[in-house]
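Q: here is my input; please provide its structure:
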Amino acid sequence: MRITCVGGGPAGLYFAVLAKLADPAHEVTVLERNPAGVTYGWGVVFWDDLLDDLFRHDPVSARRIWDAAYKWDEYEVRATGKAVSYLAGYGFSLGRHRLLDILGARAAELGVDLRYRSEATDDPDADLVVACDGAGSRVREHDAAHFGAEVVHGRNRYIWLGTPHVFRTFTFGFEKTEAGWIWFHAYPFTDEASTFIVECTPETWAGLGFDELDGRDGCDRLARIFADHLDGEPLIDQRAESGGTGWMSFRRITNRRWDHGNVVLTGDAAHTTHFAIGSGTKLAMQDAMTLADAINADAGGDLGAALERYEHTRKAALAPLQAAAKASSEWFERMNDYGDLPAKQFSYALSNRRGAYPLWRYVLHVSTQRGAGRAMLRRALALRRWSRARRRPGFGAPVEGPQHRHDPAHIGG
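A: Okay, the predicted model is just below:
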């Protein structure tokens, strides 16, 4: 089969890897419009469920991702006038550039034809065209009436920044200004940098003057607002070099159909999920897995039936996550309703934003904020992470190919 993946992000590269693993005779090409090594964005986050899936599908690339990832073991919540509080949970973060390096190297090892600075034609010469070219997908727009994309804009404004300040763990920080609350979602992804996403209501955004500032001046103002959290380090807007600014309103994209003839949508081209639940990369790679599984199950058979099965399977899997993401984003749109709560109640409301938890979760939250309770919970979660890792197929095997120099086992303080 001749396969063309339009877009060299996580979905396109990982599907290319899985297609070649399923059948080395497949002729797989990845077309990426950017030069090799160029990508926008900072770090990505993911959790055990994605790692479980990665190890089942390709232990080689999965182990490289595990080795390169930061491992953090709780969420820290800071807010003006409140004591620091903590939320239970652990996760992983990795620079987007590093993730693409790992997946690109693995694809090249398997014989995928990687073509950078390459634009897709309107009708690529392939048996299967995988559209993984992002939320603004040109492939999808070529047949817009068929796919039936719908776009709903969120109310809040946000900007995706980076900083050389390395946060200890995943951190939410809320600052109360003269124009209202403004907050960040931050996490480390290398030993030299963190992702720093800032969000606020449109009223606060305009009240602080961000509607009149360019990228550099806007970053300087944000760095002053969040100075207590950054230890003097700057904030960086990748769009500022061109004189623009990265402020956006989130676009929730859904599509009536995901396939048309030999064309199929994956990742953000098919759906977007609000960054407040940090699942965009995970869902894109799980799209790639489900699509590969569907095609392999019908090898030599009916491609249309395989694409239909992929679409129905993924839409069903996405439904609860999209509902959680919607509830989460709406909580942040109502943040002013929660800002005056005491510290423990405020952080619990933040953790509970996707839906109601049972009462025992609140009791656990209150009892693990300090001292022995917090330490015991963190140790239990660390043990769970490593126990789950060791049960994965191929986890203990030697890692083939290039490895990352940075392999922290744990960054919690």
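Q: any low-confidence regions in the stretch 201-350 of the chain?
A: 241-244, 299-300 (pLDDT under 70).
Q: now with 90, please.
A: 214-216, 238-246, 276-279, 297-302 (pLDDT under 90).
Q: list the contacts for Gly218?
A: 159, 210, 237, 240, 245, 247 (C-beta atoms under 8 Å, 6 or more residues apart in numbering). Where you see a C-beta, it was placed from the backbone N, CA and C, and this is true even at glycine.
Q: now do the helix or strand hosting the first one: which elements does it pack against?
A: It stands for Ile159. According to DSSP states H and E, Ile159 maps onto strand 157-163. With contacts defined as 3 or more C-beta pairs under 8 Å, 6 or more residues apart in numbering; DSSP states H and E, strand 157-163 has these neighbours: strand 194-200, helix 215-225.
Q: just the ones you listed: most buried one?
A: Comparing the helices and strands packed on strand 157-163 by mean neighbour count (mean count of other C-beta atoms under 10 Å), strand 194-200 comes out on top with a mean of 25.
Q: can you dump the C-alpha atoms of that one in CSV for me?
A: Output of strand 194-200 as CSV, limited to C-alpha atoms (Å, rounded to 0.1, in the frame of the first residue of the first chain):
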residue,chain,number,x,y,z
SER,A,194,9.3,25.0,31.1
THR,A,195,6.0,25.5,29.2
PHE,A,196,4.0,28.4,30.6
ILE,A,197,0.4,28.8,29.4
VAL,A,198,-1.3,32.0,30.5
GLU,A,199,-5.1,32.4,30.5
CYS,A,200,-7.6,35.0,31.6
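Q: how about stretch 250-262: buried residues?
A: 250, 252-253, 255, 257-260, 262 (16 or more other C-beta atoms under 10 Å).
Q: contact partners of the strand or helix carrying Ser387?
A: Ser387 belongs to helix 371-390 when assigned by DSSP H and E. The contact list for helix 371-390 (C-beta under 8 Å, 6+ apart) reads 48, 51-52, 66, 71, 73-74, 86, 88-90, 364, 367-368, 395-396, 410, 412.
Q: so which bits of it are buried?
A: Judged by neighbour count using 16+ other C-beta under 10 Å, the buried positions of helix 371-390 are 377-378, 382, 385, 389.
Q: and of those residues, the nearest to Ala324?
A: Arg385 (21.9 Å; C-beta to C-beta).
Q: look up how far Arg64 lies from the closest one.
A: 18 Å (C-beta to C-beta, to the nearest Å).
Q: do Ser85 as well
A: To Arg64, Ser85 is 35 Å away according to C-beta to C-beta.
Q: and the longest helix anywhere in the chain, what's buried?
A: Assignment by DSSP state H gives helix 303-333 as the longest helix of the chain. Buried residues in helix 303-333, defined by neighbour count with 16+ other C-beta under 10 Å: 303, 306-311, 314, 318, 321-322, 324-329, 331-332.
Q: before we move on, what about stretch 29-38?
A: 29-33.
Q: out of these, who's nearest Leu100?
A: Glu32 (9.3 Å).
Q: so what's that closest one closest to, chain neighbours aside?
A: Leaving aside its chain neighbours, Glu32 sits nearest to Gly8 (3.0 Å; criterion: C-beta to C-beta, 6 or more residues apart in numbering).
Q: can you tell me which residues contact that neighbour?
A: By C-beta under 8 Å, 6+ apart, the neighbours of Gly8 are 30-32, 34, 100, 104, 114, 116.
Q: so it sits in a strand?
A: No. Counting by DSSP: H, G, I helix; E, B strand; the rest coil, Gly8 is not part of a strand but coil.
Q: rewinding a little: can I get the helix holding Ser387 in PDB, CA atoms only?
A: Extracted in PDB, the C-alpha atoms of helix 371-390 (Å, rounded to 0.1, in the frame of the first residue of the first chain):
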ATOM      1  CA  GLY A 371       3.800  16.600  56.400                       C
ATOM      2  CA  ALA A 372       3.500  12.900  56.600                       C
ATOM      3  CA  GLY A 373       0.200  12.600  54.800                       C
ATOM      4  CA  ARG A 374       1.600  14.400  51.700                       C
ATOM      5  CA  ALA A 375       4.900  12.500  51.800                       C
ATOM      6  CA  MET A 376       3.100   9.100  52.100                       C
ATOM      7  CA  LEU A 377       0.800   9.900  49.200                       C
ATOM      8  CA  ARG A 378       3.700  11.000  46.900                       C
ATOM      9  CA  ARG A 379       5.600   7.800  47.800                       C
ATOM     10  CA  ALA A 380       2.600   5.600  47.000                       C
ATOM     11  CA  LEU A 381       2.100   7.300  43.600                       C
ATOM     12  CA  ALA A 382       5.800   7.000  42.800                       C
ATOM     13  CA  LEU A 383       5.600   3.300  43.600                       C
ATOM     14  CA  ARG A 384       2.500   2.900  41.400                       C
ATOM     15  CA  ARG A 385       4.300   4.600  38.500                       C
ATOM     16  CA  TRP A 386       7.300   2.400  38.600                       C
ATOM     17  CA  SER A 387       5.300  -0.800  39.200                       C
ATOM     18  CA  ARG A 388       3.100   0.000  36.200                       C
ATOM     19  CA  ALA A 389       6.100   0.800  34.100                       C
ATOM     20  CA  ARG A 390       7.800  -2.600  34.800                       C
END
